[in-house]
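**Q** sharing a sequence plus its predicted fold:
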Amino acid sequence: MEKIIELYNSKNTIFSLDELKNIFWISNIQVLKNKIWFLKSKWILYSPTRWIFYLKDKQINKFELANKIYSPSYISFFSALYIHSIIFQYQDDVYLAYKKTDTKKILDFEIKLKTLKKEILLNPSWIINNGLYSIATPERAFLDTIYLFWDIHFDNISKLDYKKIIELIPIYKNKPLEQKAKSYFLK
């Protein structure tokens with residue numbers, strides 16, 4: 001019972017199979033699966049997708065969920081821009097920088113996966129990991145967005161640090177992107 005309380009007291013809202021293995025101190029995978037099956041049968045644990053779990057009555061963090069289902073990835077584009085107050089229109093969907101483009105409906109929202117080149121996706125520059133999920137800084141989300149969507153309106157670019165943008169541009173290896181990014185600040 002104390003392990004269930006530990007789950008509820010955890011800062012995590014989503015648990016992978018490995019995390020449950022560590023919490024329950026169960027090394028035998030079959031014993032762990034039996035424990036998970038029991039918790040699911042008692043309506044304590046739910047599974048929105050294979051090997052990912054959340055607790056009944058504990059509100060989930062959809063960014064944490066998206067990041068745990070799709071790895072390596074980070075929250076970017078319109079999701080990160082909204083969180084950082086660069087755009088003001090809220091979108092319930094989660095936008096994720098990932099190795100392929102796809103859209104998956106999970107629970108009551110969609111995860112919109114957007115492809116970035118491997119060199120960009122795996123570059124940790126200006127990616128923040130807060131212990132639950134990874135998210136692009138405002139500058140990284142700005143560049144990711146114009147890299148893929150090109151002609152976008154941003155509501156509040158005054159929150160962006162131009163020096164950080166100039167420092168970050170080389171990871172994209174894209175001269176037109178550099179010119180486009182600079183054009184937002186010359187207006």
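**A** Perfect, I can see it now. Model, not experiment: these values are computed from the prediction.
**Q** spit out the contact partners of the residue nearest to the spatial centre of the chain.
**A** By Cα atoms, centre = their mean, the chain has its centre lying nearest to Ile75, at 3.5 Å. Residues in contact with Ile75, defined by Cβ atoms under 8 Å, 6 or more residues apart in numbering, are Phe63, Ala66, Asn67, Ile83, Val94, Tyr95, Leu96, Ala97, Tyr133, Ser134, Ile135, Ala136. Yep, even glycine has a C-beta here, placed from its N, CA and C like the rest.
**Q** swap in 7 Å and give it another go.
**A** Neighbouring residues of Ile75 by Cβ atoms under 7 Å, 6 or more residues apart in numbering: Phe63, Asn67, Val94, Leu96, Tyr133, Ser134, Ile135, Ala136.
**Q** also Trp51?
**A** The contact partners of Trp51, taken as Cβ under 7 Å, 6+ apart, are Ser16, Leu17.
**Q** how does it look with 6 Å?
**A** Each residue near Trp51 by Cβ atoms under 6 Å, 6 or more residues apart in numbering is listed here: Leu17.
**Q** re the thing from before, could you check the pLDDT of the residue nearest to the centre of the chain?
**A** According to the prediction, Ile75 has pLDDT 98.
**Q** ditto for Trp43
**A** At Trp43, the model reports a pLDDT of 90.
**Q** one more: the one 3 residues further on?
**A** For Tyr46, the model assigns a pLDDT of 94.
**Q** show me the strands in the chain, by range?
**A** Using DSSP state E, the strands of the chain run over 14-16, 45-49, 52-55, 74-75, 94-98, 102-106, 109-115, 127-129, 134-136.
**Q** out of these, nearest to Ile5?
**A** strand 52-55 (10.8 Å; Cβ to Cβ).
**Q** hmm, back to that, which one of the contacts of Ile75 is nearest Ser16?
**A** Asn67 (10.6 Å).
**Q** I'd assumed Tyr133 was in contact with that closest one.
**A** Yes: counting by Cβ atoms under 6 Å, Tyr133 is a contact partner of Asn67 at 4.0 Å.
**Q** how far away is Lys42 from Leu17?
**A** 18 Å (Cβ to Cβ, to the nearest Å).
**Q** who has more neighbours out of the two?
**A** Higher neighbour count among Lys42 and Leu17: Leu17, with 14 against 10, using other Cβ atoms under 10 Å.
**Q** neighbours around Ala97, how many?
**A** Counted with other Cβ under 10 Å, Ala97 comes out at 27.
**Q** and the residue nearest to it when sequence neighbours are not counted, what are its phi and psi?
**A** The shortest distance from Ala97 to any non-neighbouring residue, by Cβ to Cβ, 6 or more residues apart in numbering, is to Ser76 (4.3 Å). The phi/psi pair for Ser76 (degrees, to the nearest 10) reads phi -150, psi -160.
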